[in-house]
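**Q** fold the following for me, if possible:
(2 chains)
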Amino acid sequence: MRTTELIDQLDATLEGQLHRARAVRQLPAEALLYRPVPEKWNALEIFEHMCLSSGIYLRGLERVFNERAESLRINPEFNPGPLGGYFTRSMLPGPDGTISNRMKTLRMFDPPRNSGASQESIDKFIDLCERFRKLLVRARRTDLNRMRVTSSLGPIVRFKAGDAFRFPIAHQQRHFLQLERTLPAAPGPAQRTTTSR
Amino acid sequence: MDLVRRTIERYVRLGDDDWSRIAPCWSECAFSKGAFIAKVGQVEDRFYIVDSGVQRMSFPYDGEDICVGFSYDGSWSGAFDSFVNRQPGRFDVRALTDSVLLGITHADLNRLYDEVPAMERFGRLILEELVVGRATREIEQLSLTAEERFDRLVKRSPKLLQLVPQKDIASYLRMTPETLSRLRAKRS
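**A** Prediction:
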């Protein structure tokens, strides 16, 4: 695939996610804590989960970009690695926006079992997406095939830098669908209720 | 927000003019079960009134969390000592259940103390209440037997026994979970 097209598409996806995250940040506390079913995550926990798992890729990418990105020759093509390609495809929602294969959360990425979640989780997520976007700017001037990042599956699976963008962003797409199923149906546009409750 | 006004008005009377200055300073903060409201080592910037949920205050000691108090429905929450002295906090405050707290920052509260005389009075009154509460607990900790400590708690906050895990109650009462379980069995 063309590197520039991939970057444009990832950047547009991140922009959409950021836009939605900022809107959700303004919702009243009860909506953010709302659980459709007692054992399911609430909106805050979905954001915290995305921070925990995407953070691994973000930090890995930042490290490898700082070490090598400027010394590599620009490569206009990106070829997904076999594992990176496979895992990204397994994450992406289908063309009709549905999720086919449900997955089990790794313990280390399960917010209720770790440090919980709060509105700060949304702030952290917004910061994370902005840092991904800064890297995508630098990604246009390097080779996303030749840098590698350890995946969240452990040091045995290392993704090409291009896949280290694609996989977490696809994973986030999946959770934005979950987010819409999780939030209580709001009557009309959402408004913050800080001063008038 | 009604909760904030009702809570403050338990101590002082507020004019509508006062309230129009006070209300914008408070904001809702949502914490999911398990989340840290305050963390050891961080300076606490907010003072909270609990809208919903249960929170636990503790400090780590010798590999354990020693529980020093709980907050729920309408009580105060946060690491108050750090909030006041602006030093890194010595307590963790965690949400035991999903919680909504109404918080005000240190800067906003201190500005209100200067601008609204009723708020300064409110600040003094809650501080007095906190001092009396700590003194009572200190005496209870040092002079009462385990059974007496348990009885006092049952009398003072019967609701807490339903809301909070046994191990936290035991830690709060400075007894082993086994002793607590024995005392509960004895009473029922």
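**Q** need the residues of chain B near chain A, please.
**A** B:1-2, B:23-24, B:26-37, B:51, B:94-95, B:98-100 (Cβ under 8 Å from any Cβ of the partner chain). Bear in mind the C-beta positions are built from the backbone N, C-alpha and C, glycine included.
**Q** looking at these, which are in strands?
**A** Those of the residues of chain B next to chain A mapping onto strands are B:27-31, B:36-37, B:51, B:94-95, B:99-100, per DSSP state E.
**Q** which members of these are the farthest-apart pair?
**A** The largest separation in these, counting by Cβ to Cβ, is between B:Ser27 and B:Arg94 at 20.2 Å.
**Q** how much space is there between the nearest residue to B:Met175 once chain neighbours are set aside and B:Leu180?
**A** Nearest residue to B:Met175, sequence neighbours excluded (Cβ to Cβ, 6 or more residues apart in numbering or on different chains): B:Ala146, at 4.7 Å. Distance of B:Ala146 to B:Leu180, given as Cβ to Cβ, to the nearest Å: 8 Å.
**Q** where do the contact lists of these two overlap?
**A** Residues touching both B:Ala146 and B:Leu180 by Cβ atoms under 8 Å, 6 or more residues apart in numbering or on different chains: B:Leu173.
**Q** tell me which of these two has more neighbours.
**A** Neighbours per residue, other Cβ atoms under 10 Å in any protein chain shown: of B:Ala146 and B:Leu180, the larger number sits with B:Leu180, 21 against 16.
**Q** three-state assignment of the more buried one?
**A** Look at B:Leu180: counting by DSSP: H, G, I helix; E, B strand; the rest coil, its state is helix.
**Q** what about B:Val132, how many residues close to it?
**A** 10.
**Q** what's near enough to touch it?
**A** By Cβ under 8 Å, 6+ apart, no residues touch B:Val132.
**Q** so, low pLDDT: which residues of chain B?
**A** Judged against pLDDT under 70, chain B has no low-scoring part.
**Q** helices of that one, start to end?
**A** B:2-9, B:16-22, B:80-85, B:106-115, B:117-143, B:146-156, B:158-163, B:166-172, B:177-187 (DSSP state H).
**Q** helix B:146-156 and the longest one, what's the angle between them?
**A** What it means is helix B:117-143. Calculated by axes from the mean of the first three to the mean of the last three Cα atoms, to 10 degrees, helix B:117-143 forms an angle of 150 degrees with helix B:146-156.
**Q** next, the buried residues of helix B:117-143.
**A** Judged by neighbour count (16 or more other Cβ atoms under 10 Å in any protein chain shown), helix B:117-143 contains these buried residues: B:118-119, B:122-123, B:126, B:140.
**Q** ditto for the last one
**A** Burial within helix B:177-187, assessed by neighbour count using 16+ other Cβ under 10 Å, is assigned to B:180, B:183.
**Q** repeat that for the fourth one.
**A** Within helix B:106-115, the residues that qualify as buried are B:106, B:108-109, B:112, counting by 16+ other Cβ under 10 Å.
**Q** and the first one, by the same measure?
**A** The neighbour-count criterion (16+ other Cβ under 10 Å) identifies B:3-4, B:7-8 as the buried residues of helix B:2-9.
**Q** show me what contacts the spatially most central residue of chain B?
**A** What sits nearest the mean C-alpha location of chain B, by Cα atoms, centre = their mean, is B:Ser77, with 3.6 Å. Neighbour list for B:Ser77: B:37, B:48-50, B:55, B:57, B:71, B:93, B:101 [criterion: Cβ under 8 Å, 6+ apart].
**Q** try it again with 6 Å
**A** Shown in contact with B:Ser77 (Cβ atoms under 6 Å, 6 or more residues apart in numbering or on different chains): B:48, B:50, B:55, B:71, B:101.
**Q** before we move on, what about B:Gly41?
**A** For B:Gly41, the contact set (Cβ under 6 Å, 6+ apart) comprises B:Pro88.
**Q** one more: the one 5 residues further on?
**A** B:Arg46 is in contact with B:78, B:103, B:105, counting by Cβ under 6 Å, 6+ apart.
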